[in-house]
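Chemist: Pasting the sequence and the predicted coordinates here, then a few questions.
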Amino acid sequence: QVQLVESGGGLVQAGGSLRLSCAASGITLSTSTMGWYRQAPGKQRELVASISRGGITNYADSVKGRFTISRDNAKNTVYLQMNSLKFEDTAVYYCNARKTYYPGYNYWGQGTQVTVSS
């Protein structure tokens, strides 16, 4: 049974930092493309950052230079370090694990709330 469990969300003032964690069980993160997505009220879910099997990272323009995605294969955990947080970063953040080659999969965590006060 596959589980992605996010943690690290919370309430923070603008300009502050948070680190989100996504611990996986049932799959090996090193063979997956891992992504962090977010969804604000009334908006579509959007990709925030991703890291490929080979370690290539990709960021939304709105978070470049402020957020960093990383992966600890030994802990089977992916992180999202969020610095210089802004009010508009407020959202539920979701972890995603995806493998496009056979046998493929696409799993989501339950989400963790990040609230940035202005």
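Modeler: Everything's here; your move. It should be emphasised that the depicted structure is a prediction, and the values quoted were computed from it without experimental measurement.

Chemist: hey, let's count contacts and neighbours off CA atoms from now on
Modeler: Noted.

Chemist: can you pull the pLDDT of Tyr101?
Modeler: At Tyr101, the predicted lDDT confidence score is 86.

Chemist: typed the wrong thing, it's Gly104
Modeler: Confidence for Gly104, expressed as pLDDT, is 91.

Chemist: Now do the contacts for the residue nearest to it when sequence neighbours are not counted.
Modeler: Sequence neighbours aside, Arg98 is the residue nearest to Gly104 in space, at 7.3 Å (criterion: CA to CA, 6 or more residues apart in numbering). By CA atoms under 8 Å, 6 or more residues apart in numbering, Arg98 lies in contact with 32-34, 104-107.

Chemist: Identify the bridge partners of the residue most central in space within the chain.
Modeler: The centroid of the chain falls nearest to Trp36 when counting by CA atoms, centre = their mean (2.5 Å). Here Trp36 shows beta-bridge partners Ala49, Cys95, assigned using DSSP bridges.

Chemist: For it, give me its contacts.
Modeler: Residues counted as contacts of Trp36 (CA under 8 Å, 6+ apart) are 47-50, 80, 93-96.

Chemist: What of Leu4?
Modeler: By CA under 8 Å, 6+ apart, the residues touching Leu4 are 22-25, 95-96, 107-110.

Chemist: Show me where this protein has its strands.
Modeler: For the chain, strands defined by DSSP state E occupy the ranges 3-7, 10-13, 18-25, 33-39, 46-51, 57-59, 67-72, 77-82, 91-99, 105-108, 112-117.
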